[in-house]
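> Let me see the structure of the following:
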Amino acid sequence: MQDLETILQDALEDSAVNHSLVLVPRHAVVTLRDKLRSERQIAESADSLFTECERTIFDALWARKGQIVDRRELISADKIPRYSALRVHVERMRRKIEADRLPVEIISKMGQGYMVREVRNG
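Residues are numbered from 1 along each chain as shown. So this is what the prediction gives:
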């Protein structure tokens with residue numbers, strides 16, 4: 001079975017040959033395809049970059065991308081004993097993200113929690 005990214009790429013190639021096949025504007029298909037590629041890159045990098053605990057934290061943040069995730073929620077979900085341990089994990093994750101140049105950033109919201117968001121390159 002083909003993944004969505006491949007289907008979108010095939011649709012783009014088909015539309016270049018036969019414009020009558022296009023039901024959705026080309027820019028919308030390109031945008032969706034590029035977003036899927038970016039998300040796949042981030043997920044694959046997260047698998048190899050992070051420890052198991054860091055990956056659990058990242059997954060919790062990524063699932064609510066663009067929203068603040070309460071630090072108490074992260075601590076209880078990840079079996080991290082203290083807020084200071086969570087801070088250490090997040091700082092390590094930030095360094096790894098920066099070193100690997102992932103298009104993502106983890107933002108601290110003082111007294112609230114953390115948020116992850118995609119960063120546009122370019």
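
> Give the next helix or strand downstream of the helix ranked longest in the chain.
The helix spanning the most residues in the chain, taking DSSP state H as the definition, is helix 26-49. Moving toward the C-terminus from helix 26-49, the next helix or strand (DSSP states H and E) is helix 52-63.

> ok, and what's touching that following helix?
42, 46-47, 50, 69, 73-74, 77-78, 80, 86, 89-90, 92-93, 96, 106, 114-116 (CB atoms under 8 Å, 6 or more residues apart in numbering). In this view, the C-beta of every residue, glycine as well, is placed from N, C-alpha and C.

> Using PDB, write out the CA atom coordinates for the longest helix of the chain.
Output in PDB follows, covering the C-alpha atoms of helix 26-49 (Å, rounded to 0.1, in the frame of the first residue of the first chain):
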ATOM      1  CA  ARG A  26      -1.500  22.200  -7.200                       C
ATOM      2  CA  HIS A  27      -0.100  24.500  -4.400                       C
ATOM      3  CA  ALA A  28      -2.400  22.700  -1.900                       C
ATOM      4  CA  VAL A  29      -1.100  19.300  -2.900                       C
ATOM      5  CA  VAL A  30       2.500  20.600  -2.800                       C
ATOM      6  CA  THR A  31       2.000  22.100   0.600                       C
ATOM      7  CA  LEU A  32       0.500  18.900   2.000                       C
ATOM      8  CA  ARG A  33       3.200  16.800   0.500                       C
ATOM      9  CA  ASP A  34       5.900  19.000   2.000                       C
ATOM     10  CA  LYS A  35       4.300  19.000   5.400                       C
ATOM     11  CA  LEU A  36       4.100  15.200   5.400                       C
ATOM     12  CA  ARG A  37       7.800  15.000   4.500                       C
ATOM     13  CA  SER A  38       8.700  17.400   7.200                       C
ATOM     14  CA  GLU A  39       6.700  15.500   9.800                       C
ATOM     15  CA  ARG A  40       8.200  12.200   8.700                       C
ATOM     16  CA  GLN A  41      11.700  13.700   9.000                       C
ATOM     17  CA  ILE A  42      11.000  15.000  12.500                       C
ATOM     18  CA  ALA A  43       9.500  11.600  13.600                       C
ATOM     19  CA  GLU A  44      12.400   9.600  12.200                       C
ATOM     20  CA  SER A  45      15.000  11.900  13.800                       C
ATOM     21  CA  ALA A  46      13.200  11.800  17.100                       C
ATOM     22  CA  ASP A  47      13.400   8.000  17.000                       C
ATOM     23  CA  SER A  48      17.200   8.100  16.700                       C
ATOM     24  CA  LEU A  49      18.000  11.200  18.700                       C
END
